[in-house]
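1. Provided below for reference: sequence and predicted model.
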Amino acid sequence: MFNIKRDDILNITCIIGVVLVVFAGVGCMSDTGESSKEGNQGDMSQQQDNVVLNVYHAGSLTIPFKELEQMYEQRNPNVDVRREAGGSVATVRKVTEVGKQADVVGVADYSLIPDMMMPEYTEWYSAFARNQIVIAYTEDSKYSDEINQDNWYDILRRPDVTFGFSNPNDDPCGYRSQMVTQLAEIHYDDSQIYDDLMASNTAMETTSKNGTYTVVVPKSENINPNSDKIMMRSMETELSSALETGEIDYFYIYRSVAVQHGFEFVELPPEIDLSSVEHEDMYSKVEVKRGNGTSTGKPIVYGITIPGTVNQNEHAVGFIKLLHSKDGQRVLENNGQPPIVPASTNDVDKVPEELNKYF
């Protein structure tokens, strides 16, 4: 028989206790080792149930959608909202041509949804917010102490001034920049504004017929912007850092983005800034024929939909419901982007029932 002393029993008990503590610690690590945006929300079974909600959106929606992402995840700890920003045309093409899986698609021009996604990829859209084009700058921009609503185009004409806009083939802000510049010729009664700012510095050109102006934009690789004068990027928000670092003096951008980044900006006349329903007839005098489609001037209205590629329909509806709610409207307003209340849609019968009250 074994002769076990009392001290030996105590030592064995201590060893067993240490082992149990170690294993308990390992168990805790396995429960919390995978981080989430909300931290350690629950046990392993909860984490394994996490769902990913893929939201593809316009670059100008980056900041408000980031706030909505955080809000939605706080209310739904098992959901990981993953956003991908881009020019709205490029964003839609990721779904319709590249084959990427998206649960929600939000664009800066609602008409891209019926033009590029219907009926194959969706049957409805919600028009949920407005915006306007401004000329953004900083106090370090050349002639920042002179520029105003009446002379902005003359400031941009100056040979030592550089400015930017996004690619009209990729991004609505890009083709809207062309519309605004052409509309400026009419408003200011100066037939050389577009030629001096755009045509002489790119391969884009305009034609006119019966009072309608057509801006012709070649394929992206053939636009050939004069890099000594113009910076062109795929997405309008990519120009923000260039302005902040002084690479450019000015750029065409949405008012909401200028507000979000704290830029100075020139508010353009409503007759040309694409903000007003009252001036819709004026805006329609200009169209932009892009390498991948044609857009006619109209007030800036954002749109959102759930595409046929959706994997998480319940949460896609939930995210759009949050966007249209009082909280979502507040997020848009605080970021300089007026919400449309009530929102409008092409067909309320096609809209998910949970969203009907917002139209």
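-> Ah, there it is. Numbering: from 1, shown residues only.
2. what is the mean pLDDT for stretch 177-192?
-> What stretch 177-192 shows for mean pLDDT is 98.
3. residues in contact with R82?
-> V52, L53, N54, V55 (CB atoms under 8 Å, 6 or more residues apart in numbering). (C-beta placed from N, C-alpha, C; glycine too.)
4. Hmm, M179 is touching K298, no?
-> No - with contact defined as CB atoms under 8 Å, M179 and K298 do not form a contacting pair (9.2 Å).
5. any residues in contact with both of the two?
-> L274, Y283.
6. Which of the two has more residues huddled nearby?
-> M179 (27 against 18; other CB atoms under 10 Å).
7. Now do the same contact list for the more buried one.
-> V215, L274, Y283, V286, V288, G297.
8. Quickly list what the first one is bridged to.
-> Here V215 sits in beta bridges with T206, V288, as judged by DSSP bridges.
9. Relative to K285, how far out is it?
-> Plainly put, V215 is 11 Å away from K285 if you go by CB to CB, to the nearest Å.
10. Pick out whichever of the two has more residues nearby.
-> Higher neighbour count among V215 and K285: V215, with 26 against 16, using other CB under 10 Å.
11. returning to what we had before: a markdown table please, covering the contacts of M179 and showing pLDDT.
-> As requested, these are arranged in a markdown table below (pLDDT from 0 to 100):
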| residue | pLDDT |
| --- | --- |
| V215 | 98 |
| L274 | 98 |
| Y283 | 98 |
| V286 | 98 |
| V288 | 98 |
| G297 | 98 |
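12. which among these gets closest to Y121?
-> Closest approach between the contacts of M179 and Y121, by CB to CB: V288, at 23.3 Å.
13. S295 is in contact with the closest one, correct?
-> Yes - counting by CB under 8 Å, V288 does reach S295; the two are 5.0 Å apart.
14. can you map out the strands along the stretch 201-350 of the chain?
-> Along the stretch 201-350 of the chain, counting by DSSP state E, counting those that start in this stretch, strands occupy 205-209, 212-216, 230-233, 250-254, 264-267, 286-290, 293-296, 301-305, 339-345.
15. just the angle between the fourth one and strand 301-305, please?
-> Angle, strand 250-254 to strand 301-305, by axes from the mean of the first three to the mean of the last three CA atoms, to 10 degrees: 50 degrees.
16. Paired strands for strand 250-254, with orientation please.
-> In the sheet, strand 250-254 lines up with strand 133-137 (antiparallel), strand 163-166 (parallel) (DSSP bridges).
17. and the ones you listed as a markdown table, adding mean neighbour count, mean pLDDT and distance to E67?
-> Output for the strands paired with strand 250-254, formatted as a markdown table (neighbours: other CB atoms under 10 Å; pLDDT from 0 to 100; distance: least, CB to CB, whole Å):
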| stretch | mean neighbour count | mean pLDDT | distance to E67 |
| --- | --- | --- | --- |
| strand 133-137 | 26 | 98 | 21 |
| strand 163-166 | 27 | 98 | 23 |
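18. Switch the ones you listed over to TSV; also include distance to A102.
-> TSV is the format used below for the strands paired with strand 250-254 (distance: least, CB to CB, whole Å):
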stretch	distance to A102
strand 133-137	27
strand 163-166	21
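19. if I look at the nearest residue to G297 once chain neighbours are set aside, how far off is P269?
-> Nearest residue to G297 in three dimensions, chain neighbours excluded: Y283, at 3.6 Å (CB to CB, 6 or more residues apart in numbering). Noted for Y283: a distance of 12 Å to P269, by CB to CB.
20. the more surrounded of those two?
-> Remark: of Y283 and P269, Y283 carries more neighbours, 24 against 15, as counted by other CB under 10 Å.
21. shaky segments in the protein?
-> 1-48 (pLDDT under 70).
22. All set now, cheers.
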